[in-house]
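1. just the structure for this:
(one chain, ligands or ions: 2)
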Amino acid sequence: MISLHVRKGYDLKIAGKPSIEVEVLEKPDSVAVLPEKIPFIKPRLKIEIGDNVKAGSILFEDKRNSDLKFLSPGGGKVAQINFGRRRVIKEIVIKLDSDEKYEEIEPVSENLLEHIEKEKLVNKIMAGGLWPFIRELPFRDIAEPHVTPPAIFINLCSQEPFQPEAEVYLDGKSDLFKFGIKILQKLANDRVYIFAPPDSSVVLDKLRGSITHVVYGKYPAYDPGVFLYYTRKSPSDNRAWYISGQDVLLLAHLLKYGRYPTLRTVVLAGQSVDDRKHIQTRLGAPIAHIVKGNNRDNDLRYIVGGVFKGYAKTATSYLGLYETSLTLIPEGREKEFFGFLRPGFSKSSFSRTFLSIFNTSELKMNCNLHGEERACVNCGYCCEVCPVDILPQFTLKSILADEVEESLAHGLLDCVECGLCTYVCPSKIELCAAFKGAKEAYYKESW
Ligand code: SF4
Ligand code: SF4
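-> Numbers count the residues shown, from 1 in each chain. Ligands and ions are numbered 1, 2, ... in the order given. From the prediction side, this is the model:
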């Protein structure tokens, strides 16, 4: 096992961590897929409102590659297809039957896996609808099928507040996980790297023989892009694939049982949640079903997918395909009189002018920015935290000046979109969003 020490990053001391207790929720009335939240795809619908579907029936395909199918996470009737601006498909809602039917594919046994041709394995995963869970660096699009990647990275956890703990979602599933590793080894000619935190748990101890790297460092040390930055040996490594530990279980489930997996372990967290814990529910579960009277305020931000990289949703929406986290924190709309002049002991901030730098406890936060975007003051905070040594303030200047080559020279493509630079910036500059947008634009130009 190799030790990897990530030099930079930042651990946010935010209140609202979930316990490792797991509640198994009853079946929701409906589930959904959110095409809008799957990066880069161009969906072509294959269903209409009122159609009956099984769990694993095709809902839509990607116009860029019609073999890339997106399947229904439940059996029932297509109840809604909600569109956003410019006819972007936001949600496809399936009202679940009490007795759901499943599409079946031929399972792959451990023995068969050893002998199956790689091409056939890829086709099986594509037909089973789980290929979208395998993604490619540095743009984080769905991996290009039918090529051999330089490597596949599996990240078992994330330090982003808040994500499911590996010891919870892997509990009792070590054998299924090892089967998933074998599938991925077949796709990458054995170049599969699994990285985990140094702290030991009974569950992770069972996987010690499979874990290739132990990573030490602050958020986002376990991001696949950071792992790539520290381990790459040549430019061709930049197109490595990655998949989360929990999604490895989905992949293994599909091939072992021949059915589209529909269960997800998610966390319900944040200071505005009464009972913070892990929850076993359905893929694409309704947010209201997960929260279920567990919130104590009305004016809340529902963050799906972690406080740095996630996005805001309403209580009437659903979890996306990749999402395993729901965090509730107050909007914090009330104005604080001269709040910026009162460096509090209990205010979370990266700035050393706040007394909270000496406070080691987890602090309450809200979504109030306490001011608007201002000019860069060259404080250097963004450089201090960036895990991949980009100089964010200079990279931003190149992007704003349309100097593509210069921004690439600064390391734009290494940006792991962790959101730390935006968080620490005292001038409230949306650095991460600018980098993400610039990467996307550069990628789309190459299509
Ligand atoms: S530039 Fe910002 S978003 Fe990108 S990796 Fe560095 S800190 Fe994270
Ligand atoms: S953190 Fe913000 S203000 Fe400070 S150098 Fe970076 S961009 Fe400029």
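
2. next one, pLDDT for H410 please.
-> Per-residue pLDDT puts H410 at 96.

3. mind listing what's buried along the worst-scoring helix or strand of the chain on mean pLDDT?
-> When the helices and strands of the chain are scored by mean pLDDT, DSSP states H and E, helix 202-205 comes last with a mean of 73. By 16 or more other CB atoms under 10 Å, the buried positions in helix 202-205 come out as V203, L204. From N, CA and C alone the C-beta is placed, and that goes for glycine too.

4. after that helix, which helix or strand is next? Please name it.
-> The C-terminal neighbour of helix 202-205 among helices and strands, as given by DSSP states H and E, is strand 213-216.

5. is any residue of the next helix or strand after that next one near ligand 1?
-> Downstream of strand 213-216, the next assigned helix or strand under DSSP H and E is helix 224-231. No. Helix 224-231 is not in contact with ligand 1 by CB under 6 Å from any ligand atom; minimum separation 7.4 Å.

6. can you list contacts of helix 224-231?
-> 4, 6, 137-138, 153, 155, 193, 195, 213, 215, 217, 220, 237-238, 240, 242, 387-388, 414-417 (CB atoms under 8 Å, 6 or more residues apart in numbering).

7. then stretch 246-255?
-> With CB under 8 Å, 6+ apart, stretch 246-255 has contacts from 105, 107-108, 113, 124-125, 128-130, 133-134, 154, 164, 169-170, 173, 176-177, 179-181, 183-184, 243, 259-261, 264-265, 322, 324.

8. what subset of those residues is buried?
-> Among the contacts of stretch 246-255, the ones that count as buried (16+ other CB under 10 Å) are 105, 108, 113, 124-125, 128-130, 133-134, 154, 164, 169-170, 173, 176-177, 179-181, 183-184, 243, 259-261, 264-265, 322, 324.

9. in helices, which of those fall?
-> Among the buried ones among the contacts of stretch 246-255, the ones falling in helices (DSSP state H) are L113, K124, I125, Y169, L176, F177, F179, G180, I181, I183, L184.

10. may I see the residues you listed organised as CSV, with distance to D275 and pLDDT added?
-> Shown next, in CSV, are these (distance: CB to CB, whole Å; pLDDT from 0 to 100):
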residue, distance to D275, pLDDT
L113, 41, 95
K124, 40, 95
I125, 37, 97
Y169, 19, 96
L176, 28, 97
F177, 28, 96
F179, 34, 97
G180, 31, 98
I181, 34, 97
I183, 36, 98
L184, 35, 98
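
11. quick one: list the elements packing against the least confident helix or strand of the chain.
-> Packed against helix 202-205, as judged by 3 or more CB pairs under 8 Å, 6 or more residues apart in numbering; DSSP states H and E, are the following elements: helix 166-169.

12. just how off-centre is the helix it packs on within its chain?
-> 16 Å (CA atoms, centre = their mean, to the nearest Å).

13. stretch 312-321 now?
-> On the basis of CA atoms, centre = their mean, stretch 312-321 sits 14 Å off its chain's mean C-alpha point.

14. what comes up buried for it?
-> Buried positions in stretch 312-321, judged by neighbour count with 16+ other CB under 10 Å: K313, S317, Y318, L319, G320, L321.

15. likewise for stretch 291-303?
-> Neighbour-count burial for stretch 291-303 [16+ other CB under 10 Å]: V291, K292, N294, N295, L300, R301, Y302, I303.

16. stretch 201-215 too?
-> Neighbour-count burial for stretch 201-215 [16+ other CB under 10 Å]: S201, V203, L204, K206, L207, S210, I211, H213, V214, V215.

17. swap in stretch 40-49?
-> Residues I41, P43, I47 are the ones in stretch 40-49 that count as buried (16+ other CB under 10 Å).

18. contacts for it next, please.
-> 35, 53, 57-64, 66, 68, 70, 78-81, 89, 92, 139, 141-142, 440, 443-444.

19. what subset of these is buried?
-> By neighbour count, with 16+ other CB under 10 Å, the contacts of stretch 40-49 hold 35, 53, 57-62, 68, 70, 78, 81, 89, 92, 139, 141-142, 443 as buried.

20. give me the subset of those that lies in strands.
-> The strands, defined by DSSP state E, take in 53, 58-62, 68, 70, 78, 81, 89, 92, 141-142 from the buried ones among the contacts of stretch 40-49.

21. so where is this structure shaky, pLDDT-wise?
-> Residues of the chain meeting the criterion pLDDT under 70: 200, 202, 296-297, 333-361, 369-370.

22. where do the helices sit along it?
-> Ranges of helices within the chain are 110-115, 118-127, 166-169, 174-187, 202-205, 224-231, 245-257, 287-291, 381-385, 392-400, 404-409, 420-424, 431-445, based on DSSP H.

23. possible to save those as JSON lines with distance to H278?
-> What follows is those, written out as JSON lines (distance: least, CB to CB, whole Å):
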{"stretch": "helix 110-115", "distance to H278": "29"}
{"stretch": "helix 118-127", "distance to H278": "27"}
{"stretch": "helix 166-169", "distance to H278": "5"}
{"stretch": "helix 174-187", "distance to H278": "17"}
{"stretch": "helix 202-205", "distance to H278": "13"}
{"stretch": "helix 224-231", "distance to H278": "23"}
{"stretch": "helix 245-257", "distance to H278": "11"}
{"stretch": "helix 287-291", "distance to H278": "11"}
{"stretch": "helix 381-385", "distance to H278": "28"}
{"stretch": "helix 392-400", "distance to H278": "34"}
{"stretch": "helix 404-409", "distance to H278": "40"}
{"stretch": "helix 420-424", "distance to H278": "25"}
{"stretch": "helix 431-445", "distance to H278": "27"}
